[in-house]
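dropping a prediction and its sequence here:
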Amino acid sequence: MTVRLRAHHLLCMLTYVGEGYSKAFTANYDRIIARLGAGEDIQLIDGPDDVCAPLLDGAEPHCHRQSVIERDRLAALAVAEILGRAVAPGDKLSLSASLLVRMRNAFAAGESRAACASCEWSDLCTRVAEAGFPETRLEAARGV
């Protein structure tokens with residue numbers, strides 16, 4: 001199987017420590033992180049993805065807002081810089097241990113944080129990165 005992610009979730013997964021919008025959201029995110037840690041590929045998509053699924057039942061889910069779409073655009077540029085090639089919806093990525101380290105290093109250095117500027121989780125992610133990503137849930141991929 002393949003995990004479907006929008007571009008900014010490629011950054012969110014780097015600092016995910018089990019906090020989220022609701023219990024259903026974090027339970028879903030934990031399952032996704034486990035799949036990624038087990039080696040499932042990622043397919044980039046536009047709009048709501050596998051992470052967004054528990055949030056889509058509301059009247060106006062934030063997943064469709066222009067600010068989130070802009071966050072995806074900026075995140076895609078940052079990930080492209082890390083990969084050394086353009087990324088677009090439909091692309092597949094394999095999250096190797098070395099790629100995870102490169103992405104976390106760029107995130108900690110602030111090189112891939114433009115997409116995070118208006119995110120409500122930015123302070124948490126900054127603290128996680130500054131501490132060296134100690135309690136992140138994406139553990140299995142680190143040691144691969």
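Now that the structure is in, tell me what you want to look at.

which stretches of the chain form helices?
For the chain, the helices defined by DSSP state H occupy 7-15, 23-37, 66-83, 97-108, 122-130, 140-143.

tabulate those helices (a markdown table), appending mean pLDDT, distance to A114 and mean neighbour count.
Where C-beta positions appear, they are placed from N, C-alpha and C, glycine not excepted. Written out in a markdown table, the entries for the helices of the chain read as follows (pLDDT from 0 to 100; distance: least, CB to CB, whole Å; neighbours: other CB atoms under 10 Å):
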| stretch | mean pLDDT | distance to A114 | mean neighbour count |
| --- | --- | --- | --- |
| helix 7-15 | 97 | 10 | 23 |
| helix 23-37 | 95 | 23 | 17 |
| helix 66-83 | 96 | 5 | 17 |
| helix 97-108 | 94 | 11 | 16 |
| helix 122-130 | 97 | 11 | 15 |
| helix 140-143 | 43 | 24 | 14 |
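
quick one, which of these is nearest to P48?
Relative to P48, the nearest member of these by CB to CB is helix 66-83, separated by 9.1 Å.

just give me how far that closest one sits from the chain centre.
In terms of CA atoms, centre = their mean, to the nearest Å, the gap separating the centre of helix 66-83 from the centre of its chain is 11 Å.

ok, residues contacting that helix?
Applying CB atoms under 8 Å, 6 or more residues apart in numbering, the contact partners of helix 66-83 are 6-8, 10-11, 44, 46-47, 62, 86-88, 93, 99, 102-103, 106, 111-116, 118-119.

please repeat the previous calculation with a cut-off of 6 Å.
Helix 66-83 has contacts (CB atoms under 6 Å, 6 or more residues apart in numbering) with 6-8, 10-11, 86-87, 102-103, 106, 112, 114-115.
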